[in-house]
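Student: with the sequence up front, the predicted model follows.
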Amino acid sequence: MTTLTDPPKEHFRLSMLLYDTRYRSATIQVIALIGFMLLAAWIISNTIQNLEALGKPVEFGFFGEPASYDINQRLLEYTSRDSHLRAAFIGLLNTLVVAVLGCITATIVGVFVGVLRLSNNWLIARIMTVYVEMFRNVPVLLWIVLAMAILIEGLPAPNAFRGDNPTATMDLFNSVAVTNRGVYIPEFLFSRSLGDIHLFGASSIRFNVSLDLIAVLVVLAGSIFFMRKVSARASAKQEATGDRPTIWHIQLGILFVPMIILLSLLGFHLGYPELKGFNFKGGTHMRNSLIALWLALSLYTAAFIAEIVRAGILAVSHGQTEAASALGLRPGRTMRLVILPQALRVIIPPMISNYLNLTKNSSLAIAVGYMDITGTLGGITMNQTGRELECVLLLMLVYLCISLSISAVMNWYNNSVKLVER
Amino acid sequence: MKKSVILGMATIAGLAAGAAAAGTVDDVKARGKLNCGVTTGLVGFAAPDANGEWKGFDVSLCRAVAAAVLGDASAVEFVPTTGKTRFTALASGEIDMLARNTTWTFSRDVDLKFEFTGVNYYDGQGFMVPKALGVTSAKELDGATVCIQTGTTTELNLADFFRSNNISYEPVPIETNAEAQQQYLAGACDVYTTDASGLAATRATFEDPSAHVLLPEIISKEPLGPLVRHGDHEWGDVVRWTLNALVSAEELGVTSANIDEMSAGTDNPEVNRLLGTEGTLGEMLGLNADWAAKAIKAGGNYGEIFATNIGEETPIGLARGLNAQWTDGGLLYSPPFR
């Protein structure tokens, strides 16, 4: 005989929170959370109270005041009469410029070095090892300062270009001037310019978009679109008849003819740098602070990227290389078509953190006087207004946003290339 | 358990509040050392000498204050600060006073919540250029590259000067005087601008000082002085009156040579009050009666400090100019010791 009884119905009692193992861990977590939040609240209220006692309540009104200082490298127009917020925005753009330039250069150099480190050529492989170990094991600040010192002490001052017998001359058919104040390169000018669009009125993030640039980009995009069309048609014909028509001259025509027509309509010409007064005038001035920071950051990060690339390549089974050789692929093609695409899946995740490091390391810019956002918002603005807490909090928020954006983009890319598994 | 956590927190909170409220005078006495913020190195004003000992005009003021409070001119911890870090160091309590050629301005005094306790050097912003450049006036500097120390008033004066004269320039922001010197000498900037006294001091360290000239324009008023945190008036009084004591000593003819003799008592009641043989001025400050005598003994009176560190006999070679006593046509004018 069997008797079926309902399992005893449990009533929840308060003591079970402590004595019942099912609830205990949750109880502990909740208590820890409450404790943590209390601590955080205490720190915040303590800070606010102390600042109030000092007579410096937290407020952000100073951002509207005129900044009163000048910034040398400004991608947008800015004068010392603009607000602190505008100055911070100019600094933010400078940070982004060096971060983007650095990430691109570091990736290119890093991939080359990583691949060459595995080269069968003993000398090349050893040279690359020396490079990686040297850059990886010395703090990046020293590399930045060293790069700047070399640029300042090693290159001629603009004065050396003066006179009848100058000790220094311009390079590349008198178009590029390399001085210890930076490199002056020719700039693109349009004599029949279409003008600018002014965005965001008079606010702190106002900027002008050049219609010339938009026109060039639109024409370029159109050309590429038609080039793809032509290429697709050629492929279709190849599949149908087995005979691929010659299309390279058509492709070149599509790429260059509309662009040349557009540029001559706009009156395109180059503006060359010229020594006038104290400095070179005209042309685009790449300051040595930017060059030093860019070089040092990218070479330093490239050393890490090289190791990641090497690890990624080694992670691809050697059988793949052998299979590719068996099919008759040359080593270069094996690397490009077989190994690297598979290695990419291993490479990308650690690459993200290196891009983040490079961006964060760019805050060392002040060591060479590069006016990034740490130099403007976290430097001069903070110093002149005395709002340390506000400026630093905002600075942290800015870097957090930049880093999270980079992560988001890279994660999206990672998802698009990773192996789709069933 | 819970109780002890709460009690612990209350203790920490109490300690934090206590640290903020207690007087700096007592802190310094308890520590036995004065934390004094100075520059990272500007010969004549504050720089370590060959033996690693800090020397200079601002350093002497720190030593005088230490002598007044602690009776020992060597009981000073010198904290090198840059133009950018100095105010945070003072506001956070890392240093007790700042003597770092800092310009007294309205916003620093009122908005940054500091208290300037006087002026120890009346200065103005000047320009230095290589002689070979052939520039004779700052108004000819259109398009020049200018090295500036970032985080200073000079940065703002410079922007205003070029703007009001409607000429352009390229600023090169630099953290310390040493870096500025390197860039200027390498020709990475045409002009170096800072306080005229700083320019003279920097030029004195060059291999060939005569190859560089100071332009005649002085584009700003830069009253440089020591400062303390706002709100601690007792400490502010100590620093203010130590500086005044040095100035008064020069006016009254008290020097490091004759101070022992004068400390025994003189016919001049003000000298007696200053040196503590008469009255209770020291007690009012919360210090010993001979506080001022100790301060003056540390490095001499104002005139002696000026002469040994930056005066015309030194390589820096600054004339007294505005920094002469009011009796000699200068601006130094100490309130009476009474």
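Tutor: Structure received.

Student: can you give me the helices in the stretch 51-200 of chain B?
Tutor: In the stretch 51-200 of chain B, the helices defined using DSSP state H, counting those that start in this stretch lie at B:57-70, B:86-91, B:106-110, B:153-164, B:177-185, B:196-204.

Student: the ones you listed: which one's closest to A:Met128?
Tutor: Counting by CB to CB, A:Met128 lies closest to helix B:177-185 out of the helices of the stretch 51-200 of chain B; the figure is 33.1 Å. For glycine as for every other residue, the C-beta is placed from the backbone atoms N, C-alpha and C.

Student: what residues does the closest one touch?
Tutor: Applying CB atoms under 8 Å, 6 or more residues apart in numbering or on different chains, the external contacts of helix B:177-185 come out as A:149, A:152, B:39-42, B:128, B:147-149, B:172, B:174, B:189, B:191-192, B:194, B:198, B:202, B:205-206.

Student: buried residues in the strand or helix carrying A:Tyr131?
Tutor: Assignment of secondary structure by DSSP states H and E places A:Tyr131 within helix A:122-136. With burial defined by 16 or more other CB atoms under 10 Å in any protein chain shown, the residues of helix A:122-136 counted as buried are A:128, A:131-132, A:135.

Student: quick check: mean pLDDT of that helix?
Tutor: Per-region confidence: helix A:122-136 scores 95 on mean pLDDT.

Student: now do that helix: which elements does it pack against?
Tutor: For helix A:122-136, the contact count by 3 or more CB pairs under 8 Å, 6 or more residues apart in numbering or on different chains; DSSP states H and E identifies helix A:84-117, helix A:288-315 as packing neighbours.

Student: pLDDT below threshold where in chain A?
Tutor: Low-confidence segments of chain A, defined by pLDDT under 70, span residues A:1-4, A:7-8, A:422.

Student: what about the strands in it?
Tutor: With DSSP state E, the ranges of strands along chain A come out as A:177-179, A:182-185, A:187-190, A:196-199, A:207-210, A:268-271, A:274-276, A:279-281, A:284-287.

Student: helices and strands around the second one, which ones?
Tutor: Applying 3+ CB pairs under 8 Å, 6+ apart, one finds that strand A:182-185 makes contact with strand A:284-287, helix A:288-315.

Student: which of the ones you listed is buried the deepest?
Tutor: Sort those by mean neighbour count, taking mean count of other CB atoms under 10 Å in any protein chain shown, and helix A:288-315 sits at the top with a mean of 23.

Student: by how many degrees do that helix and helix A:122-136 diverge?
Tutor: Between the direction of helix A:288-315 and that of helix A:122-136, the angle (axes from the mean of the first three to the mean of the last three CA atoms, to 10 degrees) works out to 120 degrees.

Student: take the helices and strands packed on strand A:182-185 and lay them out in JSON lines including distance to B:Asp58.
Tutor: Putting those into JSON lines (distance: least, CB to CB, whole Å) gives the following:
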{"stretch": "strand A:284-287", "distance to B:Asp58": "33"}
{"stretch": "helix A:288-315", "distance to B:Asp58": "30"}
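
Student: chain B is nearest to which of the ones you listed?
Tutor: Smallest distance to chain B across the helices and strands packed on strand A:182-185 (CB to the nearest CB): 7.3 Å, for helix A:288-315.

Student: is that closest one up against chain B anywhere?
Tutor: Yes. Interface with chain B: helix A:288-315 contributes A:288-289 (CB under 8 Å from any CB of the partner chain).

Student: what angle sits between that helix and helix A:84-117?
Tutor: Regarding helix A:288-315 and helix A:84-117, their directions subtend 40 degrees when assessed with the same axes, to 10 degrees.

Student: chain center to helix A:288-315, what's the gap?
Tutor: Taking CA atoms, centre = their mean, to the nearest Å, the mean C-alpha location of helix A:288-315 is offset from the chain mean by 12 Å.
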